[in-house]
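**Student:** sharing a model prediction with you, sequence too.
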Amino acid sequence: MSYPRGTIVRNTTAARINHWITAACFVLLMLSGLSMFHPLLFFLSALFGSGQWARAIHPWIGCVLLVSYAGLIVQFWRDNFWNWDDIAWMAAIVRVLRNEEEGVPEVGRFNAGQKFVFWSMGLLVPALFLTGLVIWEYYFGAATSIETQRAAALIHSYAAIAAIIIWITHVYAAIWVRGSMRGMTQGYVTPGWAWRHHRKWLRSLVATGSPGPRPRRAGENS
Amino acid sequence: MTNTWQDIKNANVVVVMGGNAAEAHPCGFKWVIEAKIENGAKLVVIDPRFTRTASVADVYVPIRPGADIAFLSGVIRYLLEKDQIQHEYVRAYTNASLIVKDGFGFEDGLFTGYDEEKRTYDKSSWDYEKDDQGFAKVDDTWQNPRCVINLLRKHVDRYTPEMVSRICGAPQDKFLQICELFASCSPPDKALTSLFALGWTQHSVGAQNIRTMAMVQLLLGNIGVAGGGMNALRGHSNIQGLTDVGLLSNAMPGYLTLPRDTEVTFDEYMKTRLFKPLRPGQVSYWQNYRKFFVSFQKAIYGAAATADNDWAYDWLPKLDIPLYDIIAAFEMMNKGEMNGYICQGFNPLQAFPDKGKIRAALGKLKYLVVMDPLDTETSRFWENFGPQNPSDPASIQTEVFQLPTTCFAEENGALVNSARWLQWHWKAAPPPGQAQADIWIMSGLFHRLREMYRKDGGAFPDPLLNLTWDYINPVDPDPEEVAKEMNGRALADLKDASGQILVKAGQQLDGFAQLRDDGTTMSGCWIFSGSYTEKGNQMARRDASDPREAGIAPDWAWAWPANRRILYNRASADPAGKPWNPAKSIIEWNGSKWVGLDVPDYTAAAPSENVGPFIMNSEGMGRLFALDQMVEGPFPEHYEPFESPSENVLHPKVRNNPAARVYADDRANFGTSADFPYVGTTYRLTEQFHFWTKHALINAILQPEEFVEIGEALAKEKGIEQAGWVRVSCKRGAMICKAYVTKRIKPMTVDGKPTHVVGVPLHWGFTGQARKGYGANTLTPSVGDANTQTPEFKAFLVNVEKVAAPVA
Amino acid sequence: MSNLQSQDYIRISATTLTPPSVRRHEQEVAKLIDVTRCIGCKACQAACMEWNDLRGEVGHFEGTYDNPLDLDPNTWTLMRFTEWDNDQGNLEWLIRKDGCMHCEDPGCLKACPAPGAIVQYANGIVDFISENCIGCGYCVKGCPFNIPRVSKVDHKSYKCTLCSDRVTVGREPACVKACPTGAIMFGSKSDMTAWAGERVIDLKARGFENAGLYDPPGVGGTHVMYVLHHADRPSLYAGLPDNPKISALVEVWKGFLKPLAVAGVALAAVAGFFHWITLGPNEVQPEDEAAAAKLINDSQGRT
């Protein structure tokens, strides 16, 4: 894919496809899951045809999500390592929320908030998957004790709620920080966006003459 | 049953021995529960296995299969020793005081008169000492050592608690606990009931098993009273009816007996049937035998039976052997002496002993006709079903005809239950396919056979040509017509001594008291007389009201004889006619006549006339000494089963029933405990009914697959796991099935040796909806009770080995 | 099973509505299973199959008289057999008819996420309304007695209905009618409790000192009760729970967690919304673009 001149590639095409498959799965899981979670939300099951359909399709989407999220991990894990900058960034979180730039340390490709989303989902998705298997009545209804299933159902619900709250933060952040959305839809950001939000990342790209999303390594062609 | 199902609720102690009432008779068992709850009754179970009945019992005692007589003889000994008998009853109503002939004796397991070669007894010494009028002599003081009671005391003296325990394997303390419970019913106001079934009959000493208990009941004064009696729980819904109408080779309807070939004339025949009273003034009801017989002959041959031709006596078959029972029939078949077989409502390949022999015998027939509602194993005996029925169709020439019949729900008719009730039932649904009623099929056979005899003649066509067939539709007689015929009707106006007409010609009789021996009455089955009178079909009555809730319900259906619900009920009152137990009175003398809830089993005689209550017996008394009525002796004696792990510790030289008939080839097929060390026993499970219900899906689901039950100790010894595969073998064959390792069968110590029991439920075969099985009769020996030839299914020898699962 | 008139309901699964409960005046019913007079004949099982017209598979012998081996969507009641050597060394064969206990406080209903898939009638019967069932199996997790079974064929959960269709028209449940020994009785809960009391007196007189009625308070009592010879040890009877109650895990899952979760999610969304209207979006400024351009130019200048 070609990007407008002078822009920076934030996410490769593969990463974006991967992300949006994950996102779609997550939304479907959330809708079908919530329909089975609270009576007020049972109407959501109609989106899937019926309660039976919502119940039936939910675990299969979960399987897709697991694979898809594994792909995201493969693609993003290197840029999500925790470092001292993140601590400084966290310390300045109030400024970040106030849209203030002064006093907020420069960060790499991802800030601490993004890393938190990445890693917490990295934990929650497998947890949801495993507990989901335990309570998948059709295939595994007899595989574990009922007490185990009860615990699994409880963990699954807690984990799902946590994931949803994280997801809301993630979505809101994408809306709030203008230009981010394009980075995940069309894949590019302006240099100014990179300067403002991920200055260290921009510097590393510029230093190696990389178009993004990662700095060019020694020996790589421009 | 002497009593009724409902009457069980009146019992104080319910003894289930020789049966498993909860398992095999769950519906009737409600009355046992009723006895426990409403009457505070104690339930006692004596059985080799801890059964479903035992699961609700107050006391359970294990017993080795085939040791019941020893156990009960021990009980008799205890009752006599502790003097816990109902004295007045025993003295007045049993033959305890009668004096036995000098010359009668018992030694080393044999009574006097044994002929070893013929395996029979000359029973002439088994009799009372008689006075010059032919009446038995009596000693009411019981001082004479030859009184029945004293001979009995001497006979059972060997059955000490130690000996009982040694033979039966029952712990002594448990045995004594049971003895005390028996003894608790010796007071006149206490009753013990005995519920039994095939667990007693299916032994080579089957009849004597029952007799021993009957003697206990006589000593306790429990025969004829509410909550007492000897109660045979019949296995099939109409097996009582089968015996009542005489569907045995030596029987005629109403317990009349077929002549032997030695009884060439009618007079000779009658001589041994008209029992002369053995005490003064006694009824000896069989003196009416001639009336019943002549009325039967009139029912069969109508106008062709006349005084001149001795009521067609010559047309009756004459037996050349005592009995053509199933074992004899299949012995003949196997030898090629019986070539055709009409098998109506029976499944011998599953039901008769030594399956291999049965299969071989069927394969030697020219033809086999099977009349059955189901696709029975017998009808498919020729087909190869794998190891469960390894036949080679190519080598079998038997032509098999399957005639599908209706089942009970598809026809009108009466079933006779264990309590002798004839209960009419109505057709509920049309039969499937081409199924036809048995009556229709038999009529068709009859008409064709008679036509052939008429046309072609034959060696002896008269019995067929002269048979009456007086039905509106001769090809399909109505069950009601047959029922009316059994009840009987007047063939001429019946008048009393004063010339008053009692019954007009053509009218239905009110009961057997109206039968005559001059050809003016007919009745197809005298004991059923009264079941279908001018008032209509009494069997169809459905008034369940039960005055005083006594369990009599006299207006529900109709019970033979004479709608009497409790047999021998005269014995429920003392000699003066007062009820032994006023709270549960059945009949009593009110000063001028006998009154009560039930029809008195008695004459109109006042108590002062000293007529005994057992009016069918020639001395009018219950018999502790059976005279010549049993083939192996007037007192019961413990004999080991023909396949037994033990010697007979009482008399090693006479190990088994000395009067039992054993065919040489069957004897050759008996195994010994050296090769087959465990005691096998067969039984039924609630979920299935014989070999029928496995054809129904629900029953197949509830008990789907063949198994045997073994105790944990034996399983451990043999390395057999729960539900693991085993091979159970005997000298006659083997079956491979799963094992149920259970706590409910525990090893017993018999004569000092541990004895393991292997339980073989018998329901599975190779047709129907359940999984294929071998059938318990693969293992059972071909030998029967000496009196009835009921096969010894309850005690035999097997071996058990762990095997690999068969390849499916 | 049968969807009765909605005013019969006193409890409805997964609803925010209050059931009408207009028939609270009705007598609560109960089935009393007197284990001490049960002979394990399975007539109840056959009657259940007949009345509900259910046929399972013809199974195998599995080393027990329990056939089928377990409850399943086509087996709503099952005799369970336990061989137990008692403290005196005598064998007891404990036979218990297993099936739905119809709890006063039904765990299945509490766990069920499908509105109206599980209801409780004024007479106390807990009934599954199959057309509303979504087959999630939460009822299985909610049940303290391990009773409901989800069909692999139509993905609906099934269990004993206490023959609600028969009871509604004034007849006793099929198993009660079929029981030959009167071990299963049916009537008002108060009558059944009183009768059980008489039975317990009789049993104590027969030496069963711990005989008693099983009507576990942990689930608010049940509408199927047992008379046990050993009421102090219910678990002897093929694992009948000694003190059943709805699992704490389920209580948290279905009780505490729900409002917490909804609040958490709502809070997150509301927080976002107020952040937006108070602080607004974070937009890239021209200075940012300029600074970036400078950085890029500097870098390009160096190369």
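**Tutor:** Right, received. Where do you want to start? In this text the structure is predicted, and so the values were computed from the model without any measurement.
**Student:** please make it C-alpha for all contacts and neighbour counts, starting now.
**Tutor:** Will do.
**Student:** distance between the ends of stretch B:740-756?
**Tutor:** Taking CA to CA, to the nearest Å, the first and last residues of stretch B:740-756 lie 14 Å apart.
**Student:** what do you get for stretch B:247-256?
**Tutor:** 11 Å.
**Student:** which residues are in contact with it?
**Tutor:** Residues outside stretch B:247-256 that contact it (CA atoms under 8 Å, 6 or more residues apart in numbering or on different chains): B:243-246, B:257-259, B:289, B:293, B:319, B:322-325, B:524-528.
**Student:** which helix of chain B spans the most residues?
**Tutor:** What stands out as the longest helix in chain B, according to DSSP state H, is helix B:438-456.
**Student:** so which elements touch that one?
**Tutor:** Secondary-structure packing of helix B:438-456 (3 or more CA pairs under 8 Å, 6 or more residues apart in numbering or on different chains; DSSP states H and E): helix B:462-465.
**Student:** just the CA trace of the helix it packs on, in CSV.
**Tutor:** Backbone C-alpha positions of helix B:462-465 (Å, rounded to 0.1, in the frame of the first residue of the first chain) are rendered in CSV as follows:
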residue,chain,number,x,y,z
ASP,B,462,-62.9,-91.2,18.8
PRO,B,463,-61.6,-88.6,21.2
LEU,B,464,-61.4,-86.0,18.5
LEU,B,465,-64.5,-87.0,16.5
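**Student:** in it, what counts as buried?
**Tutor:** Buried residues in helix B:462-465, defined by neighbour count with 16 or more other CA atoms under 10 Å in any protein chain shown: B:462-464.
**Student:** from the chain's centre, how far out does that helix sit?
**Tutor:** 32 Å (CA atoms, centre = their mean, to the nearest Å).
**Student:** check which helices and strands the next helix or strand after it sits against.
**Tutor:** Using DSSP states H and E, the helix or strand that follows helix B:462-465 in sequence is helix B:479-487. Secondary structure elements in contact with helix B:479-487, counted by 3+ CA pairs under 8 Å, 6+ apart, are strand B:532-533.
**Student:** show residues contacting the strand it packs on.
**Tutor:** B:483-484, B:487, B:508-510, B:538-539.
**Student:** dump those into TSV; add distance to B:Ser184 as well.
**Tutor:** Output for the contacts of strand B:532-533, formatted as TSV (distance: CA to CA, whole Å):
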residue	distance to B:Ser184
B:Ala483	44
B:Lys484	46
B:Asn487	43
B:Gln508	47
B:Leu509	45
B:Asp510	42
B:Gln538	39
B:Met539	38
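**Student:** how about the helix or strand containing A:Val27: buried residues?
**Tutor:** In this assignment (DSSP H and E), A:Val27 forms part of helix A:13-35. The neighbour-count check on helix A:13-35 (16+ other CA under 10 Å) flags A:15-19, A:21-23, A:25-26, A:28-35 as buried.
**Student:** need the longest helix for chain A.
**Tutor:** helix A:146-176.
**Student:** what packs against the next helix or strand after it?
**Tutor:** Once helix A:146-176 ends, the next helix or strand along the chain (criterion: DSSP H and E) is helix A:180-185. Helix A:180-185 sits against helix A:146-176, strand A:188-189, with contacts defined as 3+ CA pairs under 8 Å, 6+ apart.
**Student:** and helix A:180-185, how far from the chain's centre?
**Tutor:** 13 Å.
**Student:** what average pLDDT does that helix get?
**Tutor:** Here helix A:180-185 scores 95 as its mean pLDDT.
**Student:** how much does the helix holding A:Val27 deviate in direction from helix A:146-176?
**Tutor:** 130 degrees (axes from the mean of the first three to the mean of the last three CA atoms, to 10 degrees).
**Student:** contacting residues around helix A:13-35?
**Tutor:** A:1, A:41-45, A:48, A:51, A:54-55, A:58, A:61-62, A:64-65, A:68-69, A:71-72, A:75, A:160, A:164, A:184-185, A:187.
**Student:** filter the residues you listed to the buried ones?
**Tutor:** Buried, going by 16+ other CA under 10 Å: A:42-45, A:48, A:51, A:54-55, A:58, A:61-62, A:65, A:68-69, A:71-72, A:160, A:164, A:184, A:187, out of these.
**Student:** related to what we said a few turns ago, restricted to strands, list the contacts of stretch B:247-256.
**Tutor:** B:Thr257 (DSSP state E).
**Student:** need the buried ones from the contacts of stretch B:247-256 selected in PyMOL.
**Tutor:** With 16+ other CA under 10 Å as the criterion, this PyMOL line picks the buried residues out of these:
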select buried, chain B and resi 243+244+245+246+257+258+259+289+293+319+323+324+325+524+525+526+527+528
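**Student:** which of the contacts of stretch B:247-256 fall in helices?
**Tutor:** Counting by DSSP H, the part of those found in helices is B:243-244, B:289, B:293.
**Student:** is it possible to get those out as CSV so that each row also shows pLDDT and distance to B:Gly227?
**Tutor:** Shown next, in CSV, are the ones in helices among the contacts of stretch B:247-256 (pLDDT from 0 to 100; distance: CA to CA, whole Å):
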residue, pLDDT, distance to B:Gly227
B:Thr243, 94, 25
B:Asp244, 96, 24
B:Tyr289, 97, 31
B:Phe293, 98, 34
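**Student:** reformat those as CSV; add distance to B:Ala67.
**Tutor:** Putting these into CSV (distance: CA to CA, whole Å) gives the following:
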residue, distance to B:Ala67
B:Thr243, 27
B:Asp244, 30
B:Tyr289, 37
B:Phe293, 39
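**Student:** which ones are touching C:Met192?
**Tutor:** Contacts of C:Met192 (CA under 8 Å, 6+ apart): C:30-32, C:185-186.
**Student:** name the SS class of it, please.
**Tutor:** C:Met192 falls in the helix class when you classify it by DSSP: H, G, I helix; E, B strand; the rest coil.
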